[in-house]
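Peer 1: The following comprises the amino acid sequence and a computationally predicted model.
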Amino acid sequence: MADWKTKLAVVYQDDAGNTVEITPIQSYSPNFALNAEALHSIEDTHTGVVYSPQQLSFSMTVNAIGDVAARLTSLALEGKRFDIVLQEREGTDWSFNTVVMSQCIITSAAPTAATVSGAPSATFSGFSLAAKVEPKRGSAVSVP
């Protein structure tokens, strides 16, 4: 069984220029919509391709204990841009060195109701203006 040594965090620059890390993030679901469609012709079929702008969105869930949910809510209300960083801290058990969605903006926040058993959670959704992946093998790729 793999011994996972990865870390998921939200990273942003505060007003003093310091790098601030918000962690732990319980779950993270990125969505990369890299749209392309075939360009057709009367004489030939599939003569080219038309690319639409990329749409990079995400959803992440945090437990609403500690200050993680409050700090993400503050970022959302301020409209502050931030990076979502998933990186391997040590070991060789993951396919990527880093995955970064940068210049992210939160567009919605949905906390769950508090119950007598278990901690409530909050789900934050939004979009990213850029993304970059650095695989273990091969070249780094960035969008746009």
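Peer 2: Received, thanks.
Peer 1: ranges for the helices of this protein?
Peer 2: Taking DSSP state H, the helices of the chain run over residues 68-78.
Peer 1: could you point out where this protein is predicted with low confidence?
Peer 2: Applying pLDDT under 70 to the chain flags the ranges 1-7, 87-94.
Peer 1: tell me which residues form a beta bridge with Gly48?
Peer 2: Beta-bridge pairing for Gly48 (DSSP bridges): Leu39.
Peer 1: if I look at it, how far off is Thr61?
Peer 2: 41 Å (Cβ to Cβ, to the nearest Å). C-beta here means a position set from N, CA and C on the backbone, and glycine is covered the same way.
Peer 1: the more surrounded of the two?
Peer 2: The neighbour comparison of Gly48 against Thr61 (other Cβ atoms under 10 Å) goes to Thr61, with 18 against 9.
Peer 1: thought that one was touching Ser27?
Peer 2: Yes: Thr61 lies in contact with Ser27 (Cβ atoms under 8 Å); the separation is 4.6 Å.
Peer 1: in this structure, which spans are strands?
Peer 2: Assigned by DSSP state E, the strands in the chain fall at 6-13, 19-22, 27-33, 36-39, 48-51, 55-63, 82-88, 96-111, 121-135, 141-143.
Peer 1: ok and the first one relative to strand 27-33, angle-wise?
Peer 2: For strand 6-13 against strand 27-33, the angle between stretch directions is 70 degrees (axes from the mean of the first three to the mean of the last three Cα atoms, to 10 degrees).
Peer 1: in strand 6-13, what's buried?
Peer 2: For strand 6-13, the neighbour count (16 or more other Cβ atoms under 10 Å) marks Leu8, Val10, Val11, Tyr12 as buried.
Peer 1: Also the shortest one?
Peer 2: When neighbours are counted by 16+ other Cβ under 10 Å, no buried residue of strand 141-143 is found.
Peer 1: Tabulate the strands of the chain (a markdown table), appending distance to Arg71.
Peer 2: As requested, the strands of the chain are exported to a markdown table (distance: least, Cβ to Cβ, whole Å):
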| stretch | distance to Arg71 |
| --- | --- |
| strand 6-13 | 8 |
| strand 19-22 | 5 |
| strand 27-33 | 16 |
| strand 36-39 | 37 |
| strand 48-51 | 36 |
| strand 55-63 | 9 |
| strand 82-88 | 10 |
| strand 96-111 | 11 |
| strand 121-135 | 11 |
| strand 141-143 | 27 |
